[in-house]
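Provide a 3D model corresponding to the input given below.
(chains A and B)
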Amino acid sequence: MATITLTISALPAHVRTARLMAATVARRAGIAASAIDEIRLAVGEACSRAVAAHKLHCPTQPILLQLTDGNGTDEASEPRADATSRVLRVNGSAAQRFEVVVSDRAPAKDTEESAGASMLDGLFLDGDDTPPGGISGFSPGLGLAVITGLADEVKIDPSDQGTVVRMSWPLAAEHPSDPRPN
Amino acid sequence: MDLKLDHYTEGDTEIVVVEGEIDVYTAPRLRELLIDLVNKGNFHLVVNMEKVEFLDSTGLGVLVGGLKRVRAHDGTLDLVCTQERILKIFRITGLTKVFGIHSSVQEAIDKRSAK
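Residues are numbered from 1 along each chain as shown, chains lettered A, B, ... in the order given. Model (predicted):
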């Protein structure tokens, strides 16, 4: 098991860096090519969410990313409801997972919206809907909905000290690694 | 790569060409362009996303914001997209029901004209 830790300032420009790093590490870990795009997007969503929360509550605090390839902890074992991504467990290697943990330090109660909340009603922040200091166009509920739809397993722990978004994907040996550059 | 934006007029429709990555960093520029076009009286928009390499929920939010604005003027906002990786994002968020998604700019214009 190897862990890569990345700390970013709460700025939208750094979300892309986090995304690219997650995709690179996932590719190196041997993640199925089809899942690389999902990881890139899900990690981007989790970081965008964290950046937006920090911008409102604690803009000087950093956001922490931990990327683990190999025998990740198996505590995020809630079954997923939908089947948008290929669940590759034919080898019985569910313990071999690529895990990404995004931790922010913004108190959760003011910033969280349930991913299961009404999808289109008041979810999209635009123009006058954007809170003061918020990021235009960003809606935390939609971001969480995308994460839930993309990650093979996802666990979101909001608390007063911040929110931890834990996502993981199986390390599949049956697909060759993706040769495309970032 | 960064986001590149362009637009041109075709009949009564304004075509917006988006290239690169639409994310939490770049989406505000797309939002400003859409608002600007609507403020200048363009109420029928087609956003060509064939060269979009990355789209996240912030980008989706901007597109829905644009749709809300043109609809306030009885206008339309259609998308051109055939890339599976981008279409998937519209699908998992249920937005395929909200946007008209077409395989070419011409198809987007023709379908609207036929309504």
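
tally of neighbours for the closest residue to chain A within chain B?
Nearest residue of chain B to chain A, counting by C-beta to the nearest C-beta: B:Gly65, 3.1 Å away. No exception for glycine: its C-beta is placed from N, CA and C like everyone else's. Burial measure for B:Gly65: 24 neighbouring residues, criterion other C-beta atoms under 10 Å in any protein chain shown.

all strands of chain B, in order?
Applying DSSP state E to chain B gives strands spanning B:4-10, B:13-22, B:44-55, B:76-80, B:100-102.

so which of those strands is the most packed in?
strand B:76-80 (a mean of 23; mean count of other C-beta atoms under 10 Å in any protein chain shown).

quick check: closest non-adjacent residue to the residue nearest in space to the middle of chain B.
Central residue of chain B (C-alpha atoms, centre = their mean): B:Val47, 3.2 Å from the mean position. Excluding the flanking residues, the one nearest B:Val47 by C-beta to C-beta, 6 or more residues apart in numbering or on different chains is B:Val16, at 4.7 Å.

in the chain, which helix is the longest?
Going with chain A. When chain A is parsed with DSSP state H, its longest helix is helix A:33-57.

wrong one, chain B
Scanning chain B for the helix with the most residues, using DSSP H, yields helix B:57-71.

was I right about the residue of chain B closest to chain A contacting B:Leu34?
Yes: the criterion here is C-beta atoms under 8 Å, and B:Gly65 meets it with B:Leu34 at 7.2 Å.

which helix or strand contains A:Ala18?
Taking DSSP states H and E as the definition, one finds A:Ala18 inside helix A:12-29.

report all helices and strands that that helix contacts.
Contact analysis of helix A:12-29 by 3 or more C-beta pairs under 8 Å, 6 or more residues apart in numbering or on different chains; DSSP states H and E lists strand A:2-8, helix A:33-57, strand A:63-71, strand A:96-103 as its packing neighbours.

now the second one: average pLDDT?
Right, the one you point to is helix A:33-57. Mean pLDDT, computed over helix A:33-57, is 93.

report the angle between that helix and helix A:12-29.
150 degrees (axes from the mean of the first three to the mean of the last three C-alpha atoms, to 10 degrees).

what about the nearest residue to B:Val38 once chain neighbours are set aside, neighbour count?
Distances taken as C-beta to C-beta, 6+ apart place B:Arg69 nearest to B:Val38, at 4.6 Å, with adjacent residues excluded. Neighbours of B:Arg69 under the rule other C-beta under 10 Å: 21.

quick check: B:Arg69 touching B:Leu34?
Yes: between B:Arg69 and B:Leu34 there is a contact at 6.9 Å, judged by C-beta under 8 Å.
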